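Undergrad: sequence and predicted structure below; questions after.
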Amino acid sequence: MLKAQDSRPHVTISARGEERVRHGHPWIYRADVVDVHANAGDIVEVIGPRRRAIGHAFFSDRSQIPIRMLTRGEAPADRSLIRTRLENALRYRESLALEATAYRLVHGEGDLLPSLVVDRYGDYLVLQALAQGTDRMLPDITNMLVELLSPAGVLARNDPKVRALEGLEQKVEVLYGTIPDSVVVREGPVEYDVDLRRGQKTGLFLDQRENREAAAGYAHGRLLDCFSYNGGFALRLARQCRDAEALDISADAVARIRENALRNGVPHLQAREVNVFDELRRLEKMGARYDTIVLDPPAFAKNKASIPNALAGYKEINLRAMRLLSPGGYLVTCSCSYNVSEDMFAEMIHQASEDSHTPVTIVEKRMQGRDHPVLVGVPETYYLKCFVLRRVE
Ligand code: SAH
């Protein structure tokens with residue numbers, strides 16, 4: 001039974017909220033919060049409707065998700081719990097022995113550290129605190145990471161929009177040491193020059209590392225990498241392709257692809273600043289053919305309401321890519337929209353194949369890399385789908 005004293009921060013939740021926690025989900029929504037005795041960013045005791053102690057959690061006073069569970073039952077949540085979880089997360093990444101100097105060290109809920117992201121770029125760390133609880137603990141977390149990893153610098157990339165929903169300022173700041181304008185990292189055989197302050201996400205799309213490696217098992221002939229950013233897939237695949245083209249709508253991204261192509265000894269990789277939707281249509285009209293196509297668009301479905309439009313967008317690019325594919329060619333097609341489930345994605349691929357009259361087989365169904373673990377019972381942690389398709393004839 002509960003021994004909570006009124007002086008300790010605590011929050012009472014509804015029976016529905018309690019049920020959710022019992023099923024393993026760490027988030028309690030605003031509608032299920034009944035009573036609050038806590039301040040922004042506190043670690044609170046969570047109490048059920050029959051005054052049962054449910055666990056401890058981060059509390060946010062502005063978010064639609066005021067409660068993010070850290071522990072269940074009577075187990076306390078404190079500095080030493082956070083440190084243990086950080087150590088576990090680091091030990092797991094070490095055990096993977098990844099062929100890269102850039103990877104994710106902490107993937108929020110997937111590491112039982114809700115709303116915390118830590119990425120490693122060589123000697124530097126980039127952090128994101130995406131809720132009030134982790135924001136308040138950031139100085140502590142930084143100290144722990146400095147002790148555990150001795151980085152040369154720690155940067156907070158606290159500029160994502162979700163911070164605004166938490167009532168937190170959007171800012172980029174150096175928390176420890178120094179951060180150079182560009183950092184060179186390696187991913188398998190590819191070297192990148194990364195701008196940690198201004199690059200998308202924390203600099204690179206680390207979640208695709210293993211999919212790039214898998215795609216290398218199929219790539220051949222003429223390559224078209226769509227939504228290339230700084231050349232992620234193209235740089236890995238170009239060395240085994242006769243021709244290689246990378247497309248992105250951003251001039252900065254295209255400039256980086258060109259620099260990276262030279263740095264990596266693949267000068268035949270051509271980058272073009274175009275809108276992929278228009279370009280696929282143009283290539284189809286010209287009767288172009290490719291043996292390997294990659295589609296890695298940004299998240300089209302940012303929320304539930306945009307799912308139908310997102311699916312229409314995915315279908316459009318997938319059916320055009322299927323038509324551009326030579327028989328025996330491969331299409332590596334991705335969605336990083338959490339709101340588009342694997343089933344919806346598979347159904348969209350079915351429709352694209354039907355409408356383009358292209359018979360394709362599913363060679364592999366893949367997901368985000370292992371350094372971005374998916375926590376069972378928390379579907380939000382599974383966001384990236386990547387199918388490898390083959391045009392049969
Ligand atoms: N494939 C990349 C990551 C892609 S991120 C990797 O492996 O690292 C998505 C990219 O799509 C961004 O660089 C963005 O500039 C680009 N983009 C968004 N909309 C686009 C469009 N309509 N046409 C071309 N590029 C687009």
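TA: Cool, the structure landed.
Undergrad: switch to C-alpha atoms for all contacts and neighbour counts from now on
TA: Noted.
Undergrad: measure residue 104 to the ligand for me?
TA: Separation of residue 104 from the ligand (Cα to the nearest ligand atom, to the nearest Å) stands at 14 Å.
Undergrad: return the residues in contact with that residue.
TA: Contact analysis of residue 104 by Cα atoms under 8 Å, 6 or more residues apart in numbering lists 117, 118, 119, 120, 206, 207, 371, 372.
Undergrad: right, and the last one touches residue 118 too?
TA: What it means is residue 372. No: contact criterion Cα atoms under 8 Å: residue 372 and residue 118 do not qualify, at 10.7 Å.
Undergrad: what does the stretch 1-150 of the chain put close to the ligand?
TA: Within reach of the ligand by Cα under 6 Å from any ligand atom, the stretch 1-150 of the chain has no residues at all.
Undergrad: give me the common contacts of residue 372 and residue 118.
TA: Common contacts of residue 372 and residue 118 (Cα under 8 Å, 6+ apart): 104, 106, 107.
Undergrad: what about the second one, how many neighbours?
TA: If I follow you right, that is residue 106. 30 (other Cα atoms under 10 Å).
Undergrad: for it, which non-adjacent residue is spatially closest?
TA: residue 118 (4.8 Å; Cα to Cα, 6 or more residues apart in numbering).
Undergrad: quick one, helices of this protein?
TA: Using DSSP state H, the helices found in the chain span residues 15-22, 79-96, 132-149, 162-165, 209-215, 232-238, 251-263, 276-286, 307-324, 342-355.
Undergrad: pull out the buried residues from the third one.
TA: Residues of helix 132-149 classed as buried: 132, 133, 134, 135, 138, 141, 142, 144, 145, 146 (neighbour count, 16 or more other Cα atoms under 10 Å).
Undergrad: for the second one, same thing?
TA: Along helix 79-96, the positions that meet the burial threshold by neighbour count (16+ other Cα under 10 Å) are 82, 83, 86, 87, 88, 89, 90, 92, 93.
Undergrad: which elements pack onto it?
TA: Contacting helix 79-96 under the criterion 3 or more Cα pairs under 8 Å, 6 or more residues apart in numbering; DSSP states H and E are the following elements: strand 102-107, helix 132-149.
Undergrad: below-threshold pLDDT in this structure: ranges please.
TA: Along the chain, segments meeting pLDDT under 70 span 1-6.
Undergrad: for it, which residue is closest to the average position?
TA: By Cα atoms, centre = their mean, the chain has its centre lying nearest to residue 207, at 5.7 Å.
Undergrad: for that one, which residues are in contact?
TA: Going by Cα under 8 Å, 6+ apart, residue 207 touches 104, 368, 369, 371, 372, 384.
Undergrad: gap between it and residue 374?
TA: Distance of residue 207 to residue 374, given as Cα to Cα, to the nearest Å: 12 Å.
Undergrad: before we move on, what about residue 353?
TA: 29 Å.
Undergrad: ditto for residue 269
TA: 34 Å.
Undergrad: show the contacting residues for the residue nearest to residue 106.
TA: 104, 105, 106, 107, 125, 126, 127, 128.
Undergrad: try 10 Å
TA: 86, 89, 103-108, 125-129, 145, 154-157, 202 (Cα atoms under 10 Å, 6 or more residues apart in numbering).
Undergrad: neighbours of residue 391, how many?
TA: Other residues close to residue 391 by other Cα under 10 Å number 20.
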